[in-house]
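Asker: Kindly return the folded structure for what I paste below:
(2 chains)
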Amino acid sequence: MADAAKGMRARPLSPHLQVWRWHVTMAGSIPGKIVFFFITLSVFYHLANGLRHLAWDAGYGFNPKTADLTGIAAMAFAIVAAAAVWFLAAMTGAL
Amino acid sequence: MAVIRTPLGRARGMGSAKHGVGHFIAQRTTAVALVVLVLWGVSAALGLSRGDYDDAVLWLHSPVNAGLLSLLAVAAFWHMQLGMRVIIEDYIEAPATKAALLLLNVLVGWGAGALTVVSLLKVALSPGANI
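Answerer: Numbers count the residues shown, from 1 in each chain, chains lettered A, B, ... in the order given. Below you'll find the predicted structure:
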């Protein structure tokens, strides 16, 4: 991408299963990305759930139905946000 | 009104050191700061993942980026330390183990924070790559 404009060597690409034979650095790279995805998920879930706790500290959201709803919303936000970040990363060629 | 309490009881009854809510307030303050800083950090990471090493060094040369990243690191390690403290206090019963873990928690928090800030300052103040 930007490398070509600067006349630099292209960055190494991710393992592409269709065209690469299996090798051990592939087995190192793929779990790394899975772990990093789950770290993204954890960060977003912690953020959303932390907002619930801040609301509870202020005295709001204790109604059981509200608590259920915000709980599901926090989980949904975490999944959607983490997926969106990794989708954007893939789209911009960062993977 | 007659004083029923013993002198020792009265001395002990002076109350708390008035620092009881410090932990609570710090935990919430860092939480609010981290909501903004983490969202900024994720978007910054997305932007940086597109470029190469030189782009990242150049990015960190901006005082705004270096400052916000330092704040993110400090707030995150502070928040982590406060949270871990509660977990250790609540779940570790043996006094020696508890004391050791509380000490370790403080040292890891400060150590990780210092390492991170010094490291990113080193890059931020470096002359920079071949730009």
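Asker: Check which helix or strand the residue nearest to B:Ala124 when sequence neighbours are not counted maps to.
Answerer: The shortest distance from B:Ala124 to any residue that is not its chain neighbour, by CB to CB, 6 or more residues apart in numbering or on different chains, is 3.9 Å, and that residue is B:Ala66. Any C-beta I mention is one placed from the backbone N, CA and C, and that applies to glycine too. Remark: B:Ala66 resides in helix B:63-91, with elements defined by DSSP states H and E.
Asker: Next, the buried residues of that helix.
Answerer: By 16 or more other CB atoms under 10 Å in any protein chain shown, the buried positions in helix B:63-91 come out as B:65-66, B:68-82, B:84-85, B:88.
Asker: Could you check the angle the helix or strand following it makes with helix B:63-91?
Answerer: Read in the C-terminal direction, the helix or strand following helix B:63-91 is helix B:95-124, with elements assigned using DSSP H and E. Here helix B:95-124 runs at an angle of 170 degrees relative to helix B:63-91 (axes from the mean of the first three to the mean of the last three CA atoms, to 10 degrees).
Asker: now for the helix holding B:Ala66, which elements pack on it?
Answerer: In terms of contact count using 3 or more CB pairs under 8 Å, 6 or more residues apart in numbering or on different chains; DSSP states H and E, helix B:63-91 is assigned the packing partners helix B:22-50, helix B:53-61, helix B:95-124.
Asker: Please list the residues of chain B that sit near chain A.
Answerer: For chain B, the contact set with chain A under CB under 8 Å from any CB of the partner chain comprises B:28, B:31-32, B:34-35, B:38-39, B:42, B:46, B:49-52, B:55.
Asker: Chain A: helices as residue ranges?
Answerer: Assigned by DSSP state H, the helices in chain A fall at A:2-5, A:24-57, A:64-91.
Asker: Next, the buried residues of the longest one.
Answerer: This means helix A:24-57. Counting neighbours by 16+ other CB under 10 Å, one finds that the buried residues in helix A:24-57 are A:Thr40, A:Leu41, A:Val43, A:Phe44, A:Tyr45, A:His46, A:Leu47, A:Ala48, A:Asn49, A:Gly50, A:Leu51, A:Arg52.
Asker: so what's B:Leu37 up against?
Answerer: With contacts defined as CB atoms under 8 Å, 6 or more residues apart in numbering or on different chains, B:Leu37 is in contact with B:Leu68, B:Leu71, B:Leu72, B:Ala75, B:Ala76.
Asker: can you do 6 Å?
Answerer: If you count contacts by CB atoms under 6 Å, 6 or more residues apart in numbering or on different chains, B:Leu37 has them with B:Leu72, B:Ala75.
Asker: Can you tell me the centre-most residue of the chain?
Answerer: No chain specified, so I'll use chain A. Using CA atoms, centre = their mean, the residue of chain A that lies closest to the mean C-alpha position is A:Ala82, 3.2 Å off.
Asker: try again with chain B
Answerer: Centre of chain B computed as the mean C-alpha position; nearest residue by CA atoms, centre = their mean is B:Trp78, 1.2 Å away.
Asker: Touching, it and B:Thr30? I think so.
Answerer: Yes. Counting by CB atoms under 6 Å, B:Trp78 sits close enough to B:Thr30 to count as a contact (5.2 Å).
Asker: Can you tell me the closest non-neighbouring residue to the residue of chain B found nearest chain A?
Answerer: In chain B, no residue comes nearer to chain A than B:Ser49, which is 3.6 Å away by CB to the nearest CB. With sequence-adjacent residues excluded and distances taken as CB to CB, 6+ apart, B:Ser49 is closest to A:Ala94, at 3.6 Å.
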